[in-house]
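1. let me see the structure of the following:
(2 chains)
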Amino acid sequence: MSVIKKLVTLLRGSARELGESVVDANATRIYEQEIIDAKHSIEQARGDLTGVMAKEMQTARAIERLKAEVARYEGLALEALNKTQESLALEVATKVSALEQELDEQTKAHSSYALQVGKLKELIKSAELRIREHERELGIAKTTESVYRATRSISESIGSSGSKLVNARESLERIKQRHEDLSDRMTAADSLDAEFGHKALEKKLAAAGIGEDADRTRQVMARIKARQASEGQA
Amino acid sequence: MKDLFDQLQGLDAAIGQRLGGAPVQLQPIAGDVPVVQITIEGRQELPIFLTCSSAQILCMCYLWSDDEVKPSRRTELLECLLDLNPSVPLSSFGRVDKRYVLLGALAADARVEDIANDVAVLSDNALDALEALSEFLN
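-> Numbers count the residues shown, from 1 in each chain, chains lettered A, B, ... in the order given. Sure thing, here's the model as predicted:
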């Protein structure tokens, strides 16, 4: 059964046990061992493959060489016949038949090596596929276990710290409230700054005898002096 | 656990930097798999839990539990989550042990910058999702 199918079955049951039961420890070990074995067999097949491919090339070269020799000796036999050297031609023909026998053997060896190369390549490909599949399955199983175990740790930690997971709406309200408080405080700080900043400036201007406040005192003095003068006249 | 902590060196600062300088806390959680709780100031209610296995690093944020879903709108919510899944950048919806989660997965050898980016986006997405989907909740 595929791991995802197994997960779906387990999820219909008790999710609590999911942490341990996706792939039991034994199956995990078997998978891991299979991955190690498959990797080992790939390594071995790669080693074998280089040896067999070398032999395949060697036999190919031998075949070329033997074919050339057969052609050459056949030519020589023909030449001997043309010069009516029958017995010499027969000797050369014997040589050719020996060469042809060797050629036969090399050809058989070559095709058997070629077959082996094909088989080894297939073996490597299928072992690689098996590794990928096992690794994916183990990945899903281990991730599920890890997530559920982490969740258990988190729940236990929250439980032991005395606090509990608050209701989502409450959480949202608190975060929003805090955010509003902060922005209210910032607005208040801004307006306070503006107010105090403004008054502070006015005071400084008045102290330097600039602006309405400074002039107001002078105007009041002038008014009082004018009144004094007019009352003195009366 | 020590290995995970080595990998997460500087993660708190890197997350904070992506979230406007918010202080970030990393807290290991005891258990048989490595888990680190990431708390972002201002979003304490939505901590992110980071766990790792040989295959990947997983960042999870718990959204709500099964019993918080309005029974009459359950199917609608599930369909909505499936529809949303491909559109939400870097994070996917899921459910672990009757709790809905938003999660982001990274390669086991991810760099701390990538983890920080994922966590920051996850936190933003979680807050966003909670606000958008709260109509389905009790």
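
2. how about low-confidence regions in chain B?
-> In the predicted model of chain B, residues B:1-2 satisfy pLDDT under 70.

3. ah, wrong one, I meant chain A
-> Counting by pLDDT under 70, the ranges of chain A that qualify are A:1, A:13-25, A:161-165, A:194, A:198, A:213-214, A:234.

4. can I assume A:Tyr73 is in contact with A:Ser97?
-> No: here A:Tyr73 lies out of contact with A:Ser97, judged by Cβ atoms under 8 Å, at a distance of 9.7 Å. (Glycine included, C-beta is placed from N, CA and C.)

5. spatially nearest residue to the closest residue to chain B within chain A (excluding sequence neighbours)?
-> Relative to chain B, the nearest point of chain A is A:Ser153 (2.8 Å; Cβ to the nearest Cβ). Excluding the flanking residues, the one nearest A:Ser153 by Cβ to Cβ, 6 or more residues apart in numbering or on different chains is B:Gly31, at 2.8 Å.

6. and if you look at B:Ala120?
-> B:Arg18 (3.9 Å).

7. so that neighbour makes contact with B:Asp118?
-> No: using Cβ under 8 Å, B:Arg18 makes no contact with B:Asp118, being 10.1 Å away.

8. before we move on, the earlier item: what helix or strand is the residue of chain A closest to chain B on?
-> Using DSSP states H and E, A:Ser153 sits in helix A:86-160.

9. list the helices and strands whichever strand or helix holds A:Gly51 packs on?
-> For A:Gly51, the element it lies in under DSSP H and E is helix A:25-82. Helices and strands touching helix A:25-82, by 3 or more Cβ pairs under 8 Å, 6 or more residues apart in numbering or on different chains; DSSP states H and E, are helix A:86-160.

10. name the residues of chain A found near chain B, please.
-> By Cβ under 8 Å from any Cβ of the partner chain, the residues of chain A that approach chain B are A:15-16, A:18, A:139, A:142-143, A:145-154, A:156-157, A:165-172, A:174-176, A:178-179, A:182.

11. circling back to that earlier point, help me confirm that the residue nearest to A:Ser153 comes into contact with A:Ser155.
-> No: here B:Gly31 does not reach A:Ser155: they are 9.9 Å apart, not a contact under Cβ under 8 Å.

12. can you list contacts of the helix ranked longest in chain B?
-> In chain B, taking DSSP state H as the definition, the longest helix is helix B:112-133. With Cβ atoms under 8 Å, 6 or more residues apart in numbering or on different chains as the test, helix B:112-133 has contacts from A:168, A:171-172, A:175-176, B:7-11, B:14-15, B:17-19, B:38, B:40, B:43, B:46, B:48, B:50, B:57, B:59, B:61, B:63-64, B:77, B:80-81, B:84, B:88-91, B:93, B:102-104, B:106, B:110.
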